[in-house]
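Student: Predicted model follows, preceded by the sequence.
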Amino acid sequence: MRIEPLCSALGAEVSDIDLSQPLDRETSDALRAAYLEHHLLCFRSDPVTPAEFVRVARIFGEPQRQLIRDEWVDGVEEVSMLNSTYERPEDKPEDMSLVRLTGWHTDDSYFPVPAHSTLLQSIQIPESGGQTSFANTRKAWEDMAEDRKAVFDGLMAVHDYDTIRAPGRPTKLTATEDSETAEVIHPLIRTHEDTGAKAIYYNANRTDRVTGMEREESDALLDEIAEQHTRPQYVYRHEWRVGDLLVWDNRCLVHSVNMDFPVQQSRLHQRMLLKGTVPV
Ligand SMILES: [Fe+2]
């Protein structure tokens, strides 16, 4: 197995590994250590079965059930198939910012206990576009001026399934799904339970406001954090190949999808989420 950094911002590529076979303890330990250091691992692989996918996921944590029922693969509630294909020309908007996946986000932050990690494997990809970009919000936090850190550290923010701060609207939920997504409050700067490192925990699609503030004051602070956390020096842009399996750390990364790709070209990924802890 070889592990090599993808770029200076974040991420490492893992090659010479067969994900269809169980991995030994030493290999799993090395993968976990690399994961905490780089925050994202990219396995160059072939598409794996749901059972193999679950086995890879267990190296990094405990799989959790996914919210949207329609997306479960063969009824396996830990694995969902995400189809972002534009089936008809009218499905693809002129203004890409209206597509929720383009917004910088950390998965699952509208839950009281958000998934700490996401695994995503590409099954089909379009000929152009469709890249996923990641930003290292730990570096973004570490680089902030001390006087600004003093302003932000300790603030709490409300996350909801939707926020008027986001330009586009999310997938409609069923009544059951809606009942599982009340407003929650998380620290705006969170501490990673495994590394002790602080990182910005902001979700452009879900973070609505700082608690205890008028919207105007809250928006000014959230706009500042939004600008800081995705500056180009913190960003890695992933160009998908079929079978690429990514695992990334939602506690210190945000991501965004380039949704500008041709209509009727399939873009399909299978996804898993790993159970997290209450953000502190
Ligand atoms: Fe996402």
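Tutor: Nice, thanks for sending it over. Numbers count the residues shown, from 1 in each chain.
Student: What number of residues are in the vicinity of Ile225?
Tutor: 26 (other CB atoms under 10 Å). C-beta here means a position set from N, CA and C on the backbone, and glycine is covered the same way.
Student: ok, the closest residue to it other than its chain neighbours to Asp95 distance?
Tutor: Leaving out its chain neighbours, the residue that sits closest to Ile225 by CB to CB, 6 or more residues apart in numbering is Tyr202, at 5.1 Å. Note on Tyr202: its distance to Asp95, by CB to CB, to the nearest Å, is 22 Å.
Student: Between those two, which has more neighbouring residues?
Tutor: Tyr202 (27 against 9).
Student: Can you pull out the low-pLDDT segments for the stretch 51-200 of the chain?
Tutor: 66-70, 72, 74-75 (pLDDT under 70).
Student: So which residues of it form helices?
Tutor: 137-142, 146-152, 175-179 (DSSP state H, counting those that start in this stretch).
Student: out of the ones you listed, nearest to Thr85?
Tutor: helix 175-179 (22.1 Å; CB to CB).
Student: Report the distance from that closest one to the chain centre.
Tutor: Taking CA atoms, centre = their mean, to the nearest Å, the mean C-alpha location of helix 175-179 is offset from the chain mean by 22 Å.
Student: Extract the C-alpha trace of that helix and format it as PDB.
Tutor: C-alpha atoms of helix 175-179 as PDB (Å, rounded to 0.1, in the frame of the first residue of the first chain):
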ATOM      1  CA  ALA A 175     -43.400  14.000   7.100                       C
ATOM      2  CA  THR A 176     -41.300  11.300   8.900                       C
ATOM      3  CA  GLU A 177     -38.000  12.700   7.600                       C
ATOM      4  CA  ASP A 178     -39.100  16.300   8.400                       C
ATOM      5  CA  SER A 179     -39.900  15.200  12.000                       C
END
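Student: Bridge partners for the nearest residue to Asn83 once chain neighbours are set aside, pull those for me.
Tutor: With sequence-adjacent residues excluded and distances taken as CB to CB, 6+ apart, Asn83 is closest to Leu268, at 5.4 Å. In this entry, Leu268 is beta-bridged to Asn83, Gln124, by DSSP bridges.
Student: Now do the contacts for Leu268.
Tutor: Leu268 makes contact with Met81, Leu82, Asn83, Ser84, Thr85, Ser122, Ile123, Gln124 under the criterion CB atoms under 8 Å, 6 or more residues apart in numbering.
Student: With mean neighbour count and distance to Gly11 added, can I get the helices of the stretch 51-200 of the chain in TSV?
Tutor: Output for these, formatted as TSV (neighbours: other CB atoms under 10 Å; distance: least, CB to CB, whole Å):
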stretch	mean neighbour count	distance to Gly11
helix 137-142	22	12
helix 146-152	12	25
helix 175-179	10	32
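Student: how about CSV for the ones you listed, with distance to Thr102 added?
Tutor: What follows is the helices of the stretch 51-200 of the chain, written out as CSV (distance: least, CB to CB, whole Å):
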stretch, distance to Thr102
helix 137-142, 18
helix 146-152, 25
helix 175-179, 22
